[in-house]
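> Dropping a prediction and its sequence here:
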Amino acid sequence: MENDTHFSNSFFQFRYKMNSSNFSESPEKYLNQYELEVWLGNEDGSPIELVGKGDLYNILLSAALDEDADIFEIFDCDASLLDLGNTVYDFENLDFKKSIFDYYNDDFYNPNVFFINRIELLPRFRGQGLGKRIIQDICHRFASGCGLFALKAFPLQMELGAIENPKDWDKQMKFHQLEQDNEKATYKLYSYYQNLGFHNILKNDFFFLRPPYYGVY
C-alpha cells in the first residue's frame, strides 16, 4: 500500500544522545555511541511524536593509535562493529585496507570512522525523503570528526525472525509490511544508498562516504 502522507514541510527534530566510557583500560573509551531520536514537532519546537530511531558510533581510531591501544579490541566491543572492522581495517598493519585507500587516493587526514549502524522509521514516515534528511544531518554534524562514514545496507526486516519478545517499538515498525524477498530488498537498499552518494567499494553490504565527497547533499 502506497504511503500518501506528505511531510516535506513538516518540522522534525534530530536528538543525539552520546554514551561513552571513561575507564582508562577499557577499549570502549575509544567509542562515542549516539542514540538518535527523530521527532515530529510543532513550529514552536515542541515534540509531537517519536517517528524514528538510530544507532551510531564514532570510532576514535586517531586517539587509539596515539595511545597504542588494541584496535581489534575496540571493534570487538560489538558484533556489528567487528563485522565492520574485519571488512575495512587491516589489524596487522594498523591501517585501512588497501582497497579503501586506493579508492580514495590515499587521502585520509583523519582515521576516525563514523558508523551508521541502524536507522529505523515508522511505516507512515517512510518513502517521503525523511531518511535522506537524517543521513544529511548526520553527515553535516559529524563530518569534522571522522575521515570515513560507513554503513551496512542490510534489510532490517530480515531480522524479524530473530527478535524474541519484540518491544512495542518493534511492533510499531511493522517489518512484515516491507519487502520480504531478501534479494529484492537488498537491491533496493543498495540503490538507495548509492543514490545518496555512498560508495560500494568492496562489492558487499558495506557502503562508504568520505567527508569531502558530499554526494549525499
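Noted; the coordinates are in hand.
> Okay, now the sheet partners of the longest strand belonging to the chain, with direction.
Criterion DSSP state E: the longest strand present in the chain is strand 47-59. Strand 47-59 has the following strand partners under DSSP bridges: strand 31-41 (antiparallel), strand 113-121 (antiparallel).
> Provide a list of residues in contact with the nearest residue to Ser20 once chain neighbours are set aside.
Closest residue in space to Ser20, ignoring its immediate chain neighbours: Asn32 at 5.3 Å, by C-beta to C-beta, 6 or more residues apart in numbering. The C-beta positions use only the backbone N, C-alpha and C, and glycine is treated the same way. Residues in contact with Asn32 (C-beta atoms under 8 Å, 6 or more residues apart in numbering) are Met18, Asn19, Ser20, Tyr57, Asn58, Leu60.
> what's next to the helix or strand bottoming out on mean pLDDT in the chain, contact-wise?
Least confident helix or strand, the chain: helix 168-173 with a mean of 75, by mean pLDDT, DSSP states H and E. With contact meaning C-beta under 8 Å, 6+ apart, helix 168-173 is reached by Lys53, Glu120, Leu122, Pro123, Leu156, Ile163.
> Closest one to Phe206 out of those, please.
Leu156 (15.8 Å; C-beta to C-beta).
> So Leu121 versus Asp44, what's the distance?
Counting by C-beta to C-beta, to the nearest Å, the gap from Leu121 to Asp44 is 24 Å.
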